Every structure is written in C-alpha cells, then in structure tokens.
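Asks: sequence and computational prediction follow.
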Amino acid sequence: SCHIPIQEALPALFREGEPFLAEYRREVRRRRDLAVELLQAEPALRFHPPQGGFYLTLSVEKPLPFDEEGFVIRLMEEEGVFLHPGYFYDDESGTHLVLSFLSEEPDLRSGIAALRRFIHRY
C-alpha cells in the first residue's frame, strides 16, 4: 500500500512530470518515424508502422540460406546488430525480426544500414 503523504503528493508529481512526458512522447515518435523512413527504403523488408509500443516487427521477403535464429546470430556476429527473432513473439512462419527503435539516432541509423547490408550480402 502507498503511504498517505505519497498519495497526497501524486497530483503535484503528475503535474510536474507533464513536460518530461510530452518531450518523451515526441522523441519516441521521432525515432519511430525515422526507423519507418529508413526501413521503407528496403524492398526485402515488409512491416506495418507501429501505432504504439517501442518495436517494429519486420518480415524478411528474401530467401536466405539460414533460419530466423541463424539470421539474428549471424547479424550479431558480422554486424554487431542485435534483433530478436520473430519466434520470441510467436511469429513462427517465415523469417521475422523484432527491432526496437528506442536507440539513439546515430545507432538507429547505423543499425538499420547494417541490417540492410547484411540482407544484401546473402
């Protein structure tokens, strides 16, 4: 349970946090939009722009010589990019990847560029 002084302070804490929350939402939206823009330029990837959350689920539309798990392991080893395989999220048919777009902009740009290089290497 929450102590009475904390309960009484909550309205002020929520008011004081509004500017931070507004900036946080703007930044998450900006990073989502950047990820969508960069990924839309890759014809081997298909996805629906997310309406919430912090992740994009990608479908790899190009035949590859390894399965989903092999894809993410090799991507990590060869490019230093970490993505989740889709089967972590019950997406078990085809090759699916789950990418967080919360990374700082330079990391997001370089990570997506590395993902695209990796796909075209195979």
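Replies: Structure's in. What do you need?

Asks: tell me the secondary structure for Leu99?
Replies: strand (DSSP: H, G, I helix; E, B strand; the rest coil).

Asks: what about the residue nearest to it when sequence neighbours are not counted, neighbour count?
Replies: Residue nearest to Leu99 in three dimensions, not counting chain neighbours: Leu56, with 4.9 Å by Cβ to Cβ, 6 or more residues apart in numbering. All C-beta atoms are positioned from the backbone trio N, CA, C, and that covers glycine. Neighbour count of Leu56, defined by other Cβ atoms under 10 Å: 21.

Asks: tell me the pLDDT of Leu56.
Replies: The model reports Leu56 with a pLDDT of 95.

Asks: wait, what's in contact with it?
Replies: By Cβ atoms under 8 Å, 6 or more residues apart in numbering, Leu56 lies in contact with Arg32, Ala35, Val36, Leu39, Phe47, Pro49, Pro50, Val98, Leu99, Phe101.

Asks: just read off the phi/psi values of it.
Replies: phi -120, psi 130 (degrees, to the nearest 10).

Asks: what does Phe82 give?
Replies: According to degrees, to the nearest 10, Phe82 has phi -110, psi 120.

Asks: how close does the most far-flung residue of the chain relative to its centre get to Leu10?
Replies: What lies farthest from the middle of the chain is Ile4; by Cα atoms, centre = their mean that is 39.1 Å. From Ile4 across to Leu10, the span is 11 Å (Cβ to Cβ, to the nearest Å).

Asks: for the lengthiest helix in the chain, which positions count as buried?
Replies: If you go by DSSP state H, the chain has its longest helix at helix 4-40. Applying a neighbour-count criterion of 16 or more other Cβ atoms under 10 Å, one finds Arg31, Arg32, Ala35, Leu38, Leu39 buried in helix 4-40.

Asks: next SSE after it?
Replies: strand 45-46 (DSSP states H and E).

Asks: returning to what we had before: mind putting the buried residues of helix 4-40 into a markdown table with distance to Asp90 and pLDDT?
Replies: Converted to a markdown table, these look like this (distance: Cβ to Cβ, whole Å; pLDDT from 0 to 100):
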| residue | distance to Asp90 | pLDDT |
| --- | --- | --- |
| Arg31 | 25 | 97 |
| Arg32 | 23 | 98 |
| Ala35 | 22 | 98 |
| Leu38 | 26 | 98 |
| Leu39 | 22 | 98 |
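
Asks: perfect, that will be all.
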